[in-house]
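*Asks:* below is the structure, and that's it, no one-letter string:
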């Protein structure tokens, strides 16, 4: 019997690389087909919050979420072990046009890529008194800082490869901040599935996402056209750097270390009062 599931992920190179084999049936999808929604991660975050406030059955069956958002959405969703973006030296960067020190940050007007992004969560951990923040689409932040609309910008994704060439300066690497504090990879985004779906179906989806990532690693050129279609003006070199940074062993399976990193992020969020204590197991078991 064929089953269709809604699947939301971003048009970023790492997500296109991960899901290409799955949605284009380059692997055996075991009777599943996918109705795809591609939007930037903060839009997917907000869609999940919005759908939850309306009625739970309007939630996407499967979606990419920032880990920060998932911390608020553990009742309707559970995290897959496959498909996540964790890693080292891949965190968000706080950048500016002028030279600012970390001690200046509290007083700066900062553009952020979304309230519920993990990037904003890390900024709040590092600079809890930096409250003058405005949300922008992540791809608009560099130009907004260059045009002096903001003192600083919190950049994510491929912008970490382009900001220096555009004349921006790094104030702090928040991924480095996290890794120094925890000695663990930084959890950025994960793939979640509706908790109330049948257990066998959830396990099947997790298995298929893993197979899709493994196929992508074994056939790296196979997804190139799909990645390029959604990569805006990125060069092949930048696209490949982006994929290499965000797709790795933790995308195949979180494993013990990946799970430790996610759990620590949630524990820290509870300690600082960002989220309440959780009643649900956050991992698919």
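*Replies:* Alright, I've got the coordinates. Predicted, not measured: the structure shown is a model, and the values here were computed from it.

*Asks:* give me the low-pLDDT residue ranges for the stretch 1-150 of the chain?
*Replies:* Applying pLDDT under 70 to the stretch 1-150 of the chain flags residues 1, 54-57.

*Asks:* which residues of it fall in strands?
*Replies:* Listed in chain order, the strands found in the stretch 1-150 of the chain under DSSP state E, counting those that start in this stretch are 3-9, 32-38, 62-66, 77-79, 85-87, 93-96, 110-112, 133-135.

*Asks:* I'd assumed residue 276 was in contact with residue 270.
*Replies:* Yes: using Cβ atoms under 8 Å, residue 270 is in contact with residue 276, at 7.2 Å. (Glycine included, C-beta is placed from N, CA and C.)

*Asks:* for these two, indicate the residue with more neighbours.
*Replies:* residue 270 (13 against 10; other Cβ atoms under 10 Å).

*Asks:* how far is the helix or strand where residue 270 lies from where the chain is centred?
*Replies:* Using DSSP states H and E, residue 270 maps to helix 255-271. Between the centre of helix 255-271 and the centre of its chain there are 15 Å (Cα atoms, centre = their mean, to the nearest Å).

*Asks:* which neighbouring elements make contact with that helix?
*Replies:* helix 67-70, strand 85-87, helix 118-126, strand 186-194, helix 249-252 (3 or more Cβ pairs under 8 Å, 6 or more residues apart in numbering; DSSP states H and E).

*Asks:* what's next to that helix, contact-wise?
*Replies:* 67-68, 71, 79, 81, 84, 86, 118, 121, 125, 182, 184-187, 190, 249-250, 254, 275-278, 282-283 (Cβ atoms under 8 Å, 6 or more residues apart in numbering).

*Asks:* can you give me the buried ones in it?
*Replies:* 258, 259, 260, 261, 262, 265, 266, 268, 269 (16 or more other Cβ atoms under 10 Å).

*Asks:* now that helix against strand 186-194, angle please.
*Replies:* With axes from the mean of the first three to the mean of the last three Cα atoms, to 10 degrees applied, the angle from helix 255-271 to strand 186-194 works out at 90 degrees.
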